[in-house]
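> Everything below, folded, please.
(2 chains)
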Amino acid sequence: MKYQSHHRVGDQPWLRRTLILAAVALSALLLAIPLVLIFTQAFSAGWGALVSNIGDRYTLHAIGLTLFVALLTVPLNLVFGTALAWLVTRFRFPGRKLLVTLIDVPFAVSPVVAGLLYLLLYGRNGWLGSWLADYDVQLMFSWPGIVMVTIFVTCPFVARELIPLMQQQGTEEEEAAVTLGASGWRLFRRVTLPNIKWALIYGVVLTNARAVGEFGAVSVVSGNIRGQTNTLPLHVELLYQDYNIAGAFAAASLLAAIAILTLAIKGVAEWRQARLLAREPADRNPQ
Amino acid sequence: MKNWLKGLVIGASLASTQGAVAAEQQLLNTSYDIARELFAAYNEQFQEYWQEKTGNTVTIDQSHAGSSKQAQAIIQGLKADVATFNQVTDINILHERGNLVPENWADRLPNNSSPYYSTMAFLVRKDNPKNIQNWDDLVKDGVELVMPNPKTSGNARYTYLAALGYAQETFGDDQERIDQFVADLLGQVKVFDSGGRGATTTFIERGIGDALLTFESEVLNIADRYPGEYQVVTPKVSFLAEFPVTWIDEYIEQNDTEELAKAYLEHLYSEEAQRLLAGFNYRVHHDAVKAEFSDRFPDVKLLPIDQIAGSWEDAMQTHFASGGKLDQLQRRR
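Have a look, this model is predicted:
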């Protein structure tokens, strides 16, 4: 019976097969089939119906608004996240640990609660909102409010991707650059950025995916005005409740397509990065 | 911000189109969840009417969600010109919390500012096997009921009040028998769903229960959708469920839409609009339209909230608050 001790857990063929089968079945049931279903439902009434569903005035507006919100959110969070990660990994100061914890607040808080907080603060009866209303500035129930909550909900993604990497890489290379007389901007562009490019792209991809898909927080501050403040996820729900199933799935397939496109961009970025690394291994960190 | 932009746009268009007649106007209507098709149809009708009357084209934006959520949004600054709700309490709150409408808002349009109304009715299965005709048939042995939960659903509170009204009519001053009747009725309920649509699904898709208690408009819609499979029973006495509308004084002043907003709501009382509303299975006030749809809407003695419970505030406090009458009666089973 001694030879049995060489077997690791999971080496028995039946167990291996069962585990693989379970994994495949679960991924199919939870991921693949729903995704396929979105597209089959969207195409169920044919290409013509899909095009006319997407070409609907309100759907087009929802697409435009969603992309507009993402276009404002992603660059802002890119700059914010990078600056924050730089700050907490390259400097020591009192309250640094607290700041690192605070970055996670948007992850910990439910998006609906986040939306309500903004409403209580910036709404007509809110602390800041009543003051702004005197100057006829309305943030909630219009696009600025939607952008604000989306920024809140997505702001940890970039920083969260960068911080562990930048901590692990340490500061040696940057210290060397400073010793050699590199300016701040040059240091960032030639030393830091090439090192974090990967994680940065990944953070941007996640930010974008979440910004496009956010429902809960946006639902609270949007006011649900069709053709004005309805984003694509809200529009999917609205069409579904209208019993317009084909329209709902057409809009949902657009969201899914955006998600797949984002993943494709990430894939290409990773591949190009890997190729770059393979081609010039010695020249990875110029200067 | 929106107004600032609007002002700029209006200023620019005034400067550039001096002398042009037709103007572009905009109106925002906040409404309850299941009124989308209704107002999509009405808006088209109103746009034509308004074009003919004034020569102006009007764009009407719609916002739909639960009517309490909408009231909150309006209080927090959603600058809606008009509110078309399904609960009086949600407009009252616009006065109480935000002072956005005057206290007497309900007196400003006919019929308590409720251009259409509905009542609570029953949907029973084909050929009415349990022979349900009125409220007292619902408490007979072996009859199972489906309705939403009065704790969470306005729809179910209406049914509760309707049953209470029937008991008051039947048992007069005998409070003990009134309470016992309502307790018995609640005891017959097999499933309390959280909302009206959920109760409909339980009754139709899952096939549970002998009678579904909900809005007459919903019951008629279902009967239309599944011809021959269900039967509509309208009890002899029921609750007057109002669908109140109001313009929002504070915002129509800011948006400069006073004339338009008032016309939008007043037109709901016109013959063509009332016919459209009746087509969506709501009861209306216009005599000619009423006569046309008399087959759909049998005569019912409709009891208003004042008669059953004094007022909405009293009803909420006495019956639906924690530890109120509803809780006590449910514990009797």
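
> Would you map out the domains in chain A?
The record's domain parsing of chain A by automatic domain parsing lists A:1-43, A:47-279.

> got the residue ranges for the strands in chain B?
With strands called from DSSP state E, chain B shows them at B:24-31, B:57-64, B:82-84, B:116-118, B:120-125, B:145-148, B:189-193, B:211-215, B:230-233, B:237-239, B:241-242, B:245-247, B:283-284, B:301-303.

> In the stretch 101-250 of chain B, what residue lies closest to chain A?
residue B:197 (8.9 Å; Cβ to the nearest Cβ). Placement of C-beta: from N, CA and C, glycine included.

> Point out where chain B drops to low pLDDT.
In the predicted model of chain B, residues B:1-22, B:333 satisfy pLDDT under 70.

> Can you pull the residues of it lying near chain A?
Residues of chain B lying near chain A by Cβ under 8 Å from any Cβ of the partner chain: B:1-4, B:28, B:33, B:36-37, B:61-65, B:73, B:75-79, B:97-98.

> What is the neighbour count of the residue in the stretch 201-333 of chain B that chain A sits nearest to?
Nearest residue of the stretch 201-333 of chain B to chain A (Cβ to the nearest Cβ) works out as residue B:254 at 8.3 Å. Neighbour count of residue B:254, defined by other Cβ atoms under 10 Å in any protein chain shown: 17.

> That one against residue B:80, yeah?
No: here residue B:254 lies out of contact with residue B:80, judged by Cβ atoms under 8 Å, at a distance of 11.1 Å.

> How about residues contacting stretch B:95-102?
Here stretch B:95-102 makes contact (Cβ atoms under 8 Å, 6 or more residues apart in numbering or on different chains) with A:124-125, B:74-75, B:91, B:94, B:103, B:105, B:246-251.

> The residue of the stretch 101-250 of chain B closest to chain A: what's its closest spatial neighbour, skipping adjacent residues?
In this structure, residue B:197 finds its nearest non-sequential neighbour in residue B:34, 7.8 Å apart by Cβ to Cβ, 6 or more residues apart in numbering or on different chains.

> What is the neighbour count of the one you found?
18.

> Would you quantify the distance from residue B:315 to residue B:276?
From residue B:315 across to residue B:276, the span is 31 Å (Cβ to Cβ, to the nearest Å).

> possible to save the strands of chain B as JSON lines with mean neighbour count?
Shown next, in JSON lines, are the strands of chain B (neighbours: other Cβ atoms under 10 Å in any protein chain shown):
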{"stretch": "strand B:24-31", "mean neighbour count": "21"}
{"stretch": "strand B:57-64", "mean neighbour count": "20"}
{"stretch": "strand B:82-84", "mean neighbour count": "26"}
{"stretch": "strand B:116-118", "mean neighbour count": "23"}
{"stretch": "strand B:120-125", "mean neighbour count": "25"}
{"stretch": "strand B:145-148", "mean neighbour count": "27"}
{"stretch": "strand B:189-193", "mean neighbour count": "19"}
{"stretch": "strand B:211-215", "mean neighbour count": "24"}
{"stretch": "strand B:230-233", "mean neighbour count": "18"}
{"stretch": "strand B:237-239", "mean neighbour count": "24"}
{"stretch": "strand B:241-242", "mean neighbour count": "24"}
{"stretch": "strand B:245-247", "mean neighbour count": "24"}
{"stretch": "strand B:283-284", "mean neighbour count": "24"}
{"stretch": "strand B:301-303", "mean neighbour count": "17"}
